[in-house]
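Mind looking at a prediction? Sequence and model below.
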Amino acid sequence: MSSGPPPGRCAARDFASSRSMQLQGAIFVLLPHLGPILVWLFTRDHMAGWCEGPRMLSWCPLHKVVLLVQTAIYSVVGYASYLVWKDLGGGLGWPLALPLGLYAVQLTISWAVLVLFFTVHNPGLALLHLLLLYGLVVSTALIWHPINKLAALLLLPYLAWLTVTSALTYHLWRDSLCPVHQPQPTEKSD
């Protein structure tokens, strides 16, 4: 005879553990959205025209596309942080300090970029923060790689998006400094 708990109790404990893991995973996926939601609440009236008018670039995405991509990326990065947290044993402790501390810093910088871009309307300062953020995300990927390779790979779309947003921000910053580089309106002939 086995001295362990009856099979029904193991199944109940496994189910409770699975539900707990699902809840924790959902928290990690949703947490990165906190900053953009707060920025949106305070700046929603300013977002629609962020890349319109004479400064419009032919490859500038619509703000709705930016919102969709940013939502997907924040969800994926949040899930990646959950994988790292889970693989390091969960909870709180020193093993989590560097991998998730670095993630927390880059998440905070990412939220600051949104404020600088959409609220302060300072593409130059936003660009500096984007370059810092790029370095932090690369560092995070390198630190996460030995812990969970999938988590590190899930940061690659984020790096690609940061490349696009950095290029866009650079052009907007350059055009704000040098009006010569701004696209000039052309008159249409009848």
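Great, that's in hand. Note that this is a predicted model, so its numbers are computed, not measured.

Tell me which residue lies nearest the centroid of this structure.
Nearest residue to the geometric centre of the chain (C-alpha atoms, centre = their mean): residue 74, 4.0 Å.

quick one, what contacts the closest residue to it other than its chain neighbours?
Nearest non-adjacent residue to residue 74, counting by C-beta to C-beta, 6 or more residues apart in numbering: residue 32, 3.9 Å away. Bear in mind the C-beta positions are built from the backbone N, C-alpha and C, glycine included. Contacts here follow C-beta atoms under 8 Å, 6 or more residues apart in numbering; on that basis residue 32 touches 74-75, 77-78, 81, 107, 110.

Only whichever of the residues you listed are buried, select them in ChimeraX.
Buried members of the contacts of residue 32, defined by 16 or more other C-beta atoms under 10 Å, are picked up in ChimeraX with:
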select :74,77,78,81,107,110
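
Quick one: the contacts of residue 32 as a markdown table, columns for distance to residue 129 too.
Output for the contacts of residue 32, formatted as a markdown table (distance: C-beta to C-beta, whole Å):
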| residue | distance to residue 129 |
| --- | --- |
| 74 | 16 |
| 75 | 22 |
| 77 | 17 |
| 78 | 20 |
| 81 | 20 |
| 107 | 13 |
| 110 | 8 |
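
Just to be sure, which of the contacts of residue 32 are found in helices?
74-75, 77-78, 81, 107, 110 (DSSP state H).

Out of those residues, which is nearest to residue 91?
Ranked by distance to residue 91 (C-beta to C-beta), the ones in helices among the contacts of residue 32 are led by residue 81 at 14.3 Å.

I'd assumed residue 102 was in contact with that closest one.
No. Contact criterion C-beta atoms under 8 Å: residue 81 and residue 102 do not qualify, at 10.2 Å.

re earlier: so how far is residue 152 from the residue nearest to residue 74?
Distance of residue 32 to residue 152, given as C-beta to C-beta, to the nearest Å: 17 Å.

what does residue 106 give?
14 Å.

okay, the two: which has more neighbours?
residue 106 (22 against 19; other C-beta atoms under 10 Å).

OK, contacts around the more buried one?
Contacts for residue 106 were tallied using C-beta under 8 Å, 6+ apart; they are 133, 136-137, 140.

quick one: low-confidence ranges for this protein?
Scanning the chain with the threshold set as pLDDT under 70 gives 1-21, 44-63, 177-190.
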